[in-house]
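Colleague: Give the three-dimensional model of this entry:
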Amino acid sequence: MTMHVVCDKTAEMRQHGATDFEIETVRAALAILERHFARGGPVLSSPGIVRDFLRLRLVGLEAEVFGVIWVNAQHGVIATEEMFRGSLTQTSVYPREVVRRGLQLNAAAALVFHNHPSGVAEPSRADEFLTRNIQSAFGLVDIRLLDHMVVGRDNVVSFAERGLM
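Modeller: Take a look at the predicted model:
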C-alpha cells in the first residue's frame, strides 16, 4: 500500500492566496508525478524529478514530515510513504520502524526525506546524526540508503550531493 505524503493542500494554498487555477495546476502536476512514480520506472535516475516531487508535496506544510521513497533493485519506485509527522520544529524518527517497513516491502534501496517548515533547507546536526543511524541500520539488512533530502521553501538539499553520507 502506498501512503502519499500529502493528499490535498487546497486549504493551505487558499490561505496563501492561491487562485483556483493555481490550485488545479498543482493538482495536475502532482497527478503526473504520481503516475510517473507509480509506473515503477527508474525515476530516481533523475534527481530533478525527485526534487520537484518532494517540493510540491512538502513546501508549505506547517509540521515537519519524514518520509521514504522505497525502490527495487532497478530503482523503480515501490512506494512513497510518510512515516512520521511532528511539530513545527521537529519530528521523532525511529530507525527501527524505517528498517522494518523496508523489509516488509522487500526494498533494495531507499531515499529518505523531510521538510523544514521554517523554509530553510540547511540540514542540522540532528539530521546528519539521523542519516548516519539509518544508513547503519539499513546496512545490517542490505538496504542501500541512496540519499536524504531536506526540503525548504526555495530549495532541496541532498546529503549525497554534499558528501554527507
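Colleague: which residues does G152 contact?
Modeller: V59, N115, H116, S118, G119, V120, A121, E122 (C-beta atoms under 8 Å, 6 or more residues apart in numbering). (Glycine included, C-beta is placed from N, CA and C.)
Colleague: Using neighbour counts, give me the buried entries of these.
Modeller: Buried subset of these (neighbour count, 16 or more other C-beta atoms under 10 Å): V59, N115, H116, A121.
Colleague: Take those residues and write them to CSV, including distance to V150.
Modeller: Supplementary listing: these in CSV, determined by distance: C-beta to C-beta, whole Å:
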residue, distance to V150
V59, 12
N115, 7
H116, 6
A121, 5
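Colleague: out of those residues, who's nearest G76?
Modeller: N115 (24.6 Å; C-beta to C-beta).
Colleague: measure the closest one to G163 for me?
Modeller: 22 Å (C-beta to C-beta, to the nearest Å).
Colleague: Same question for G119.
Modeller: 24 Å.
Colleague: Check N133 too.
Modeller: 18 Å.
Colleague: tally of neighbours for T89?
Modeller: 11 (other C-beta atoms under 10 Å).
Colleague: what's the closest non-adjacent residue to it?
Modeller: Closest residue to T89 apart from its sequence neighbours, by C-beta to C-beta, 6 or more residues apart in numbering: E64 at 6.9 Å.
Colleague: I'd like the buried ones among the contacts of G152 laid out as TSV, including secondary structure, distance to I49 and pLDDT.
Modeller: Below are these laid out as TSV (DSSP: H, G, I helix; E, B strand; the rest coil; distance: C-beta to C-beta, whole Å; pLDDT from 0 to 100):
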residue	secondary structure	distance to I49	pLDDT
V59	coil	16	81
N115	strand	18	95
H116	coil	21	94
A121	coil	18	93
